[in-house]
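In: okay, predicted coordinates and the sequence, questions at the end:
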Amino acid sequence: MSIPNIISLARLLSVPLTIWLILQGAWIWAFGLFMAAGISDAVDGFIAKRYNMRSELGRFLDPLADKALLVSIYVTLGTKGMLPQWLVIMVVSRDVLIVGGALLAFAMDRGMAIQPLQISKANTVAQITLAAVVLGELSFAMLPGFLIPALISIVAITTLMSGGHYLFNWARGQNSNHGGAPLP
């Protein structure tokens with residue numbers, strides 16, 4: 001197993017501990033572990049590209065680790081009342097739509113390219129930023145009052161745009177003979 005894949009696997013394995021820390025109200029530790037996971041995402045990507053260590057396993061493991069961490073964080077923060085439930089439902093529903101579309105395309109023996117859309121990349125950055133800011137605020141209580149509501153709006157807008165774009169591309173791909181809609 002390559003170094004980038006080991007880093008991605010460690011990030012995936014950090015999810016239960018991060019969630020447990022949030023549930024225990026150990027905000028500083030949860031914030032630190034979440035930040036370490038975010039840094040590890042950048043590091044594994046850099047190593048994979050720089051040292052030509054890209055792999056088929058990494059192509060699936062890296063986004064799986066990212067999604068597992070983000071979805072778990074959002075559900076846990078929503079359950080604890082730290083994020084609005086409607087936003088959590090929106091974020092999780094988008095990811096279920098993506099995974100469901102990919103599984104359906106596979107079941108129908110249709111091609112599906114795995115290439116993130118730019119709006120999906122922006123959505124992921126917004127989701128990570130919001131989670132980090134919420135955990136940071138819970139840890140240090142030093143942020144201006146407008147920041148979290150502004151980030152919630154950005155996450156909601158980019159989630160809707162990304163989900164809508166994905167749904168459109170998937171439907172278009174499934175209605176053609178080629179398949180191959182990009183996966184955000």
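Out: Done, it's in.
In: now do the contacts for the residue most central in space within the chain.
Out: Note on the chain: the residue nearest the mean C-alpha position is Lys67, at 3.9 Å, using C-alpha atoms, centre = their mean. Contact partners of Lys67, counting by C-beta atoms under 8 Å, 6 or more residues apart in numbering, are Asp95. To be clear about C-beta, it is placed using only N, CA and C from the backbone, and glycine gets the same treatment.
In: can you tell me the element it falls in?
Out: Lys67 belongs to helix 56-79 when assigned by DSSP states H and E.
In: CA atoms of the helix or strand following that helix as PDB?
Out: For helix 56-79, the following helix or strand on the C-terminal side (DSSP H and E) is helix 85-107. Extracted in PDB, the C-alpha atoms of helix 85-107 (Å, rounded to 0.1, in the frame of the first residue of the first chain):
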ATOM      1  CA  GLN A  85     -30.800  20.400  10.700                       C
ATOM      2  CA  TRP A  86     -32.100  21.500   7.200                       C
ATOM      3  CA  LEU A  87     -28.400  22.100   6.200                       C
ATOM      4  CA  VAL A  88     -27.400  18.600   7.400                       C
ATOM      5  CA  ILE A  89     -30.300  17.000   5.500                       C
ATOM      6  CA  MET A  90     -29.300  19.000   2.400                       C
ATOM      7  CA  VAL A  91     -25.600  18.000   2.600                       C
ATOM      8  CA  VAL A  92     -26.300  14.300   3.400                       C
ATOM      9  CA  SER A  93     -29.000  14.100   0.700                       C
ATOM     10  CA  ARG A  94     -26.600  15.400  -2.000                       C
ATOM     11  CA  ASP A  95     -24.000  12.800  -1.100                       C
ATOM     12  CA  VAL A  96     -26.700  10.100  -1.100                       C
ATOM     13  CA  LEU A  97     -27.700  11.300  -4.500                       C
ATOM     14  CA  ILE A  98     -24.200  11.100  -5.800                       C
ATOM     15  CA  VAL A  99     -23.500   7.600  -4.400                       C
ATOM     16  CA  GLY A 100     -27.000   6.400  -5.400                       C
ATOM     17  CA  GLY A 101     -26.500   7.700  -8.900                       C
ATOM     18  CA  ALA A 102     -23.100   6.000  -9.200                       C
ATOM     19  CA  LEU A 103     -24.600   2.700  -7.900                       C
ATOM     20  CA  LEU A 104     -27.500   2.900 -10.200                       C
ATOM     21  CA  ALA A 105     -25.300   3.600 -13.200                       C
ATOM     22  CA  PHE A 106     -23.100   0.600 -12.200                       C
ATOM     23  CA  ALA A 107     -26.200  -1.600 -11.800                       C
END
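In: packing partners of the next helix or strand along the chain from helix 85-107?
Out: Heading C-terminal from helix 85-107, the first helix or strand you meet, by DSSP H and E, is helix 118-140. Helices and strands touching helix 118-140, by 3 or more C-beta pairs under 8 Å, 6 or more residues apart in numbering; DSSP states H and E, are helix 27-50, helix 56-79, helix 147-175.
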